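K.L.:
this one's sequence-less:
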């Protein structure tokens, strides 16, 4: 009786398997390092931003600051209503880790004041671009959109400091822009003196700017809107401060509003830095 040739077939299979194993181990183990550049790419990945969370915006502004910026609060006699005015109203947001804000609106016998504080945390989804770099690009776009005028020379102050432009004794609430009518560019009260014009600010965060706009006409109540925006690392902060007098012909004081908005901005910058 003839035997079936099982053994030679099994032997051939073992030889083939051994040959394959020998060939795989003789190539220097290159199959374990198929992407040698990955380690270098990972080590060169951009760093995340400094901030991972945002402040609670409606608690970020002190009562003393709100009293100064919104004088009508202290005129509210009902304690419950006054507390509600201090609390403000949170702005609509879908991600409190990325964008939060709070707004206040208070009416006094002299004017109606609005205040908006907005925080935005920038996150880059490109591994080659850091959160700070992305925030810097977005802030540059924001500044470009503000369309700030070219700086103009001033004899008494610097473009970065609004506090040096006005007479320290002129504290009567009048718009300092009306005293600059001798300048061709200041023939209208909507054009403030050089040191109060919209401009880039120094000494506030990593970069900052201020905008100041007056809307309406002499026959209507004119509303002034002062905006201070600054960036600290990967967080952008925007303060929008508006005032509309109750009486026609009264112009909100540019210097006073700018000083208040800048003081608040400095406080918020210190809060982020701590």
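P.N.:
Nice, thanks for sending it over. Values in this document were obtained by computation on a predicted structure and should not be read as measured data.
K.L.:
what about the stretch 51-200 of the chain, any weak spots by pLDDT?
P.N.:
Residue ranges of the stretch 51-200 of the chain with pLDDT under 70: 152-192.
K.L.:
Go again with 90.
P.N.:
94, 125, 127, 149-196 (pLDDT under 90).
K.L.:
just the helices in it please.
P.N.:
Along the stretch 51-200 of the chain, the stretches classed as helices by DSSP state H, counting those that start in this stretch are 63-69, 79-87, 131-146.
K.L.:
Sort out which residues of the first one are buried, please.
P.N.:
When neighbours are counted by 16 or more other C-beta atoms under 10 Å, the buried residues of helix 63-69 are found to be 65, 66, 68, 69. Every C-beta, even on glycine, is put in place using the N, C-alpha and C of the backbone.
K.L.:
Same question for stretch 255-265.
P.N.:
255, 256, 257, 258, 259, 260, 261, 262, 264, 265.
K.L.:
what sits against the fourth one?
P.N.:
Spelled out, it's residue 258. By C-beta atoms under 8 Å, 6 or more residues apart in numbering, residue 258 lies in contact with 162, 196, 210, 212, 226, 228.
K.L.:
and which of the residues you listed is nearest residue 51?
P.N.:
residue 228 (19.1 Å; C-beta to C-beta).
K.L.:
Tell me if that closest one really is in a helix.
P.N.:
No: using DSSP: H, G, I helix; E, B strand; the rest coil, the assignment for residue 228 is strand, not a helix.
K.L.:
what's the pLDDT at residue 33?
P.N.:
Looking at residue 33, its pLDDT is 47.
K.L.:
sorry, back to before: wait, which of the contacts of residue 258 is closest to residue 118?
P.N.:
Distances from residue 118 to these, taken by C-beta to C-beta, are shortest for residue 228, at 11.1 Å.
K.L.:
dump the residue contacts of that closest one.
P.N.:
Applying C-beta under 8 Å, 6+ apart, the residues near residue 228 are 201, 204, 208-210, 238-239, 241, 258, 261-262, 264-265.
K.L.:
Also residue 226?
P.N.:
210, 211, 212, 240, 241, 242, 254, 257, 258, 261.
K.L.:
now the nearest residue to residue 223 once chain neighbours are set aside, what's its secondary structure?
P.N.:
Among residues not flanking residue 223 along the chain, residue 244 sits closest, at 4.1 Å (C-beta to C-beta, 6 or more residues apart in numbering). Of the three states, residue 244 takes strand under three-state DSSP.
K.L.:
Make sure residue 244 is actually in contact with residue 222.
P.N.:
Yes: between residue 244 and residue 222 there is a contact at 7.4 Å, judged by C-beta atoms under 8 Å.
K.L.:
For the two, list the residues in contact with both.
P.N.:
Joint contacts of residue 244 and residue 222 (C-beta under 8 Å, 6+ apart) are residue 252.
K.L.:
if we can go back for a sec, taking the buried residues of helix 63-69 together, which two end up most distant?
P.N.:
Once C-beta to C-beta is applied, the buried residues of helix 63-69 give 66 and 68 as the farthest pair, at 7.4 Å.
K.L.:
on that earlier part again, distance to residue 123 added to the contacts of residue 228, as JSON lines?
P.N.:
JSON lines is the format used below for the contacts of residue 228 (distance: C-beta to C-beta, whole Å):
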{"residue": "201", "distance to residue 123": "25"}
{"residue": "204", "distance to residue 123": "23"}
{"residue": "208", "distance to residue 123": "21"}
{"residue": "209", "distance to residue 123": "23"}
{"residue": "210", "distance to residue 123": "27"}
{"residue": "238", "distance to residue 123": "18"}
{"residue": "239", "distance to residue 123": "22"}
{"residue": "241", "distance to residue 123": "28"}
{"residue": "258", "distance to residue 123": "31"}
{"residue": "261", "distance to residue 123": "27"}
{"residue": "262", "distance to residue 123": "28"}
{"residue": "264", "distance to residue 123": "26"}
{"residue": "265", "distance to residue 123": "23"}
